[in-house]
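Q: When you get a sec, could you give me coordinates for this:
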Amino acid sequence: AMADGTQTRWRLDPGAAEYSYKVGDIVCVRNERIWCSVERIVEERGALEIRSLSDDKIRSVQSKNVALVQAKEDIGHNRAIVCAETADYRKLARIQPVTGDVALDIGSATGASTAILAKTCGDEHTIGIDISQQEVQQAKEAYPSLRFECIDIFTAKAAFAKIASGASIVFADIGGNRELAAVLRFIFHLREAVNPKLLVIKSRALWTLALKVANPDGSLSCSDQEINRLEHILL
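A: Residues are numbered from 1 along each chain as shown. Okay, here's the model as predicted:
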């Protein structure tokens with residue numbers, strides 16, 4: 001199911017400054033996959049009281065040991081997260097999906113991130129696509145229970161749209177040395193095919209540029225149209 005909010009909320013992970021948690025934020029404890037809501041902030045101890053959304057149990061954790069899933073103000077909106085590092089991308093693949101999500105991993109390479117997504121979404125609800133036939137073959141051999149397809153999303157529009165149409169969350173690793181123009185073109189193409197409730201993009205070019213206009217906590221106060229015009233606004 002898509003989120004109700006039509007306006008996509010954009011965020012960088014990480015932002016320029018350390019995120020300050022608020023009551024109502026959804027977080028995940030490091031190395032876990034269970035979503036928790038922040039109930040109370042104990043500033044003098046650098047701790048948070050969090051309540052598990054699965055069993056309502058409350059516990060206290062150090063804020064440095066949790067990761068942000070959703071800021072309170074983003075709940076109920078379609079969301080887009082931009083990161084620059086593989087470690088952040090894989091962390092997001094672990095903490096962002098929930099049971100019932102259908103995940104599409106674009107730029108799946110040899111399948112590591114696709115496999116992380118599948119642990120929550122299930123093998124039958126996770127697809128990896130990549131432009132490299134060799135890497136797709138390696139991914140199939142490494143993760144035989146997962147589906148991988150060799151597709152160029154820019155040229156095989158119909159095939160891509162068919163695969164993408166059912167996805168509720170899309171992860172896209174378009175990092176490397178891709179120029180910013182190619183990344184923005186990708187976002188436009190993706191929006192033509194699917195409107196996921198969550199889009200995670202790994203692109204150092206986009207993250208570096210967006211950091212110039214982002215709030216210190218990583219949030220971006222701009223629309224999809226403005227994201228597509230970032231290059232012209234800033235360069």
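Q: Let's see stretch 8-20 as PDB, backbone CA atoms only.
A: C-alpha atoms of stretch 8-20 as PDB (Å, rounded to 0.1, in the frame of the first residue of the first chain):
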ATOM      1  CA  THR A   8       7.400  13.100  -0.900                       C
ATOM      2  CA  ARG A   9       9.500  13.900   2.100                       C
ATOM      3  CA  TRP A  10      13.200  13.900   1.200                       C
ATOM      4  CA  ARG A  11      16.000  13.200   3.700                       C
ATOM      5  CA  LEU A  12      19.700  12.700   3.700                       C
ATOM      6  CA  ASP A  13      21.300   9.900   5.700                       C
ATOM      7  CA  PRO A  14      23.400  11.100   7.300                       C
ATOM      8  CA  GLY A  15      22.900  14.900   7.400                       C
ATOM      9  CA  ALA A  16      25.500  17.400   8.300                       C
ATOM     10  CA  ALA A  17      24.900  17.200  12.000                       C
ATOM     11  CA  GLU A  18      24.000  14.400  14.400                       C
ATOM     12  CA  TYR A  19      20.200  13.800  14.400                       C
ATOM     13  CA  SER A  20      18.400  14.900  17.600                       C
END
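Q: which residues are in contact with it?
A: The contact list for stretch 8-20 (Cβ atoms under 8 Å, 6 or more residues apart in numbering) reads 68, 71, 73-74, 77-83, 88, 92, 199, 207, 210-211, 214-220, 222-224, 227. Every C-beta, even on glycine, is put in place using the N, C-alpha and C of the backbone.
Q: distance between that stretch and the chain's centre?
A: Put simply, stretch 8-20 sits 12 Å off its chain's centre (Cα atoms, centre = their mean, to the nearest Å).
Q: buried sites along it?
A: T8, R9, W10, R11, L12, D13, P14, G15, Y19 (16 or more other Cβ atoms under 10 Å).
Q: Quick check: of those, which lies closest to S145?
A: Closest to S145 out of the buried residues of stretch 8-20 is D13 (28.9 Å), distances taken as Cβ to Cβ.
Q: which of the buried residues of stretch 8-20 lies closest to T155?
A: Using Cβ to Cβ, the buried residues of stretch 8-20 come closest to T155 at T8, 25.9 Å.
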